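Engineer: Model the structure of this input:
(one chain, ligands or ions: 1)
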Amino acid sequence: MKARYIDAHCHLHEFKDEDIRSILESLDVLIVAVSDDLESARRTLNLYREYPDRIKPCLGLHPWSVGEVEAPLEQAREIVRLAAREGVDCIGEVGLDTRFVPQTIDKQREVFSIFLDYAADVDAFMNLHTAGTWEEVYNIVTQRGLKRANFHWYTGPHHLLEKLRESGYVISVNPAVKIQKKHQEIVKMVPLEMILVESDGPYQYRGLNLTPLLIPDTIRVIAELRRESEEAIMEAVQRNAARVLRI
Ligand SMILES: [Zn+2]
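Structural biologist: Prediction:
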């Protein structure tokens with residue numbers, strides 16, 4: 001899997017088939033495709049079968065889905081069985097969220113634990129949602145001995161970045177970095193060895209239509225903010241992705 005660009009966190013299953021084809025035709029990108037639930041996990045695997053060189057599938061139950069699906073614990077176990085059957089070594093989007101869905105946090109913790117068991121078992125890469133729970137999730141994944149984790153669209157506390165670095169974890173930078181001050185601060189201070197780039201598409205963020213097609217421009221914005229060359233950012237992303245995604 002060698003592509004010029006890497007989208008480290010994208011809900012590819014939400015795009016229409018023709019949009020996926022057009023994205024992959026117009027940009028040399030490898031897409032780390034996360035799932036939200038069992039149905040999207042199945043679609044993500046189907047897309048992977050169609051584009052095996054362009055997609056790395058991740059299976060999971062999104063913290064926002066925990067309160068939406070029936071029997072989330074059973075569904076999480078079913079997703080884990082599917083991952084095991086298909087030899088999937090990427091889990092996501094999973095994690096904990098006290099900022100947008102605090103009402104389901106207890107159930108979220110139970111669901112997350114099911115995915116952590118699997119990830120620890122197979123040494124999986126984890127694509128993590130950590131809104132409001134950065135420290136808690138960090139403590140959990142380190143305690144579980146996980147070696148590969150992405151704190152996607154990181155806007156958490158600055159002091160935690162050094163701990164993430166020591167543990168070998170990465171953060172993926174979202175195109176929102178163009179306008180989101182909190183994310184800009186992170187991007188300016190984070191060590192280069194921790195940077196991946198993502199779209200989190202398809203999603204609307206303050207007028208930004210998030211899609212993998214924004215990855216090249218996001219690299220440009222990161223380079224500008226850090227006063228480094230685009231080549232340096234591209235090389236770092238390739239190196240970091242090779243390390244944590246084993247691609
Ligand atoms: Zn996401």
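Engineer: could you point out which element follows the lowest-mean-pLDDT helix or strand in the chain?
Structural biologist: Sorting the helices and strands of the chain by mean pLDDT, DSSP states H and E puts strand 203-205 at the bottom, at a mean of 93. Heading C-terminal from strand 203-205, the first helix or strand you meet, by DSSP states H and E, is strand 208-210.
Engineer: Quick one: end-to-end distance for stretch 85-94.
Structural biologist: Chord length of stretch 85-94, first to last residue, is 19 Å (CA to CA, to the nearest Å).
Engineer: Then residue 103 would be within a strand, right?
Structural biologist: No. Assigned with DSSP: H, G, I helix; E, B strand; the rest coil, residue 103 falls outside any strand and is helix.
Engineer: so who does it touch?
Structural biologist: residue 67 (CB atoms under 8 Å, 6 or more residues apart in numbering). (C-beta placed from N, C-alpha, C; glycine too.)
Engineer: do the same with residue 78
Structural biologist: Counted by CB under 8 Å, 6+ apart, residue 78 has contacts residue 38.
Engineer: Let's see that with 10 Å instead.
Structural biologist: Listed by CB atoms under 10 Å, 6 or more residues apart in numbering, the contact set of residue 78 reads 37-38, 41, 61, 71.
Engineer: Buried ones from these, can you make that a PyMOL selection?
Structural biologist: Buried members of the contacts of residue 78 can be picked out in PyMOL with the line below, counting by 16 or more other CB atoms under 10 Å:
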select buried, resi 37+38+41+61
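Engineer: what's the most distant pair in the contacts of residue 78?
Structural biologist: Set against one another by CB to CB, those have their most distant pair in 41 and 71, with a gap of 15.3 Å.
Engineer: nearest residue to residue 226 other than its sequence neighbours?
Structural biologist: residue 188 (6.1 Å; CB to CB, 6 or more residues apart in numbering).
Engineer: That neighbour: neighbouring residues, count only.
Structural biologist: 12 (other CB atoms under 10 Å).
Engineer: Show the average pLDDT along the helix or strand harbouring it.
Structural biologist: Per DSSP H and E, residue 188 falls inside helix 181-189. On average, the pLDDT along helix 181-189 is 98.
Engineer: Which positions in it come out as buried?
Structural biologist: Buried positions in helix 181-189, judged by neighbour count with 16+ other CB under 10 Å: 183-184, 186-187.
Engineer: For residue 42, which non-adjacent residue is closest in space?
Structural biologist: Counting by CB to CB, 6+ apart, the residue nearest residue 42 is residue 82, at 7.5 Å.
Engineer: SS state for the one you found?
Structural biologist: helix.
Engineer: Let me know the pLDDT of it.
Structural biologist: With respect to pLDDT, residue 82 has a value of 98.
Engineer: Show me what from this protein comes close to the ion.
Structural biologist: Contact residues (CB under 5 Å from the ion) of the chain with the ion: 93, 200.
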